[in-house]
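In: turn this into a model:
(one chain, ligands or ions: 1)
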Amino acid sequence: MPSERPGGTEMKLSQILFTQGFGSRRECAALITAGRVQWAGRTLENADEDLPTDGLVFSVEGVDWAFQASALLMLHKPAGVECSRQPRHHPGVLSLLPLPLQHRGVQPVGRLDEDTTGLLLLTDDGALIHRLTSPKWHVPKVYEVGVKHPLDEAQLQALRDGVVLHDDPAPVRAAACEATGELTLRLTLTDGRYHQVKRMLAAVGNRVETLHRSGFGSASLDAALAPGQWRWLRDDEQAALRAGLR
Ligand code: URA
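Out: I've put the predicted structure just below:
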């Protein structure tokens, strides 16, 4: 159990490794006794040693890890990976993450199609996933869309006014929609139906050729992330994302 001390929270080394996804308690203890864990320039051999978790960076087998009480990260999803829990035709998106993140139960916040690229948030906080994906909170998602046929104002206006998809008589509308070129548009949606962008463009007589998500809530895809790369959300990004849910 973590304990409070004047300088912040402390936790036993074995518990730190366990919560950060380094395996069962037995496996974490084995890493420590094998001398595979370092902190502040020394090898840690006592599984019961208390360490301050605030700002803690330790290394396991030579790889640095920043302690994260809850995991929240962004991934630049490449095409050709599936977001489903049991991927069938392509590798799963979780295979792009280091094993400790997979072990601690990180899951995508919503799904992108196999051929969609761009910003995917992932977390091990189930309540946060629920809130970010619940229609109740209208969290905006921004998509950069490439289409087959030249766009005209009538199509854009229809997307803003609302189009009817075949599985629901209630129209779905874009919260914002602007052409960014003759064959490209930026679409902001606050709901998240199955294949929504593709079906909305089909409903106005066009066809999606490329689809890339650039924003989710207050978060924007970090331009420094190449397809397949991920990084932790910074504290300010996490706070902004959660503030949008209040
Ligand atoms: N809408 C789609 O059609 N596909 C996605 O991947 C995301 C939104």
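In: close to the ligand: what parts of the protein are there?
Out: Among all residues of the chain, those adjacent to the ligand (criterion: Cβ under 6 Å from any ligand atom) are 112, 113, 116, 195, 196, 197, 198, 211. C-beta: built from backbone N, CA, C; applies to glycine.
In: could the residues you listed be laid out in JSON lines, adding pLDDT?
Out: Below are the residues of the chain next to the ligand laid out as JSON lines (pLDDT from 0 to 100):
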{"residue": "112", "pLDDT": "97"}
{"residue": "113", "pLDDT": "97"}
{"residue": "116", "pLDDT": "98"}
{"residue": "195", "pLDDT": "94"}
{"residue": "196", "pLDDT": "95"}
{"residue": "197", "pLDDT": "97"}
{"residue": "198", "pLDDT": "97"}
{"residue": "211", "pLDDT": "98"}
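In: which among those end up buried?
Out: 112, 113, 116, 196, 197, 198, 211 (16 or more other Cβ atoms under 10 Å).
In: mind checking pLDDT for residue 173?
Out: Looking at residue 173, its pLDDT reads 96.
In: quote the end-to-end distance of stretch 32-41.
Out: End-to-end distance of stretch 32-41 (Cα to Cα, to the nearest Å): 15 Å.
In: what does it contact?
Out: Residues from elsewhere that reach stretch 32-41, judged by Cβ atoms under 8 Å, 6 or more residues apart in numbering: 13-14, 17, 31, 43-47, 51, 56-61.
In: likewise stretch 14-31?
Out: Under Cβ under 8 Å, 6+ apart, the answer for stretch 14-31 is 1-2, 11, 32, 37, 47-48, 51, 53, 56, 58, 60-61, 65, 67-68, 99-104.
In: export the residues of the chain next to the ligand to TSV and tack on secondary structure?
Out: TSV is the format used below for the residues of the chain next to the ligand (DSSP: H, G, I helix; E, B strand; the rest coil):
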residue	secondary structure
112	coil
113	coil
116	coil
195	coil
196	helix
197	helix
198	helix
211	strand
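In: which one of those is nearest residue 135?
Out: Nearest to residue 135 among the residues of the chain next to the ligand is residue 196, at 11.7 Å by Cβ to Cβ.
In: just the buried ones from the contacts of stretch 14-31?
Out: 11, 32, 37, 47, 51, 53, 56, 58, 60, 65, 67-68, 100-101, 103-104.
In: below-threshold pLDDT in this structure: ranges please.
Out: 1-8, 246 (pLDDT under 70).
In: if we use 80, what do you get?
Out: 1-8, 244-246 (pLDDT under 80).
In: can you show me the helices along it?
Out: For the chain, the helices defined by DSSP state H cover 13-19, 25-33, 99-103, 126-133, 153-161, 196-203, 235-243.
In: just to revisit the earlier point, would you point out the most distant pair within the buried ones among the contacts of stretch 14-31?
Out: Put simply, by Cβ to Cβ the two of the buried ones among the contacts of stretch 14-31 set farthest apart are 47 and 101, 22.1 Å from each other.
In: touching, residue 144 and residue 184? I think so.
Out: Yes. Contact status for residue 144 versus residue 184: in contact at 6.9 Å, counting by Cβ atoms under 8 Å.
In: contacts only, for residue 130.
Out: Contact partners of residue 130, counting by Cβ under 8 Å, 6+ apart, are absent.
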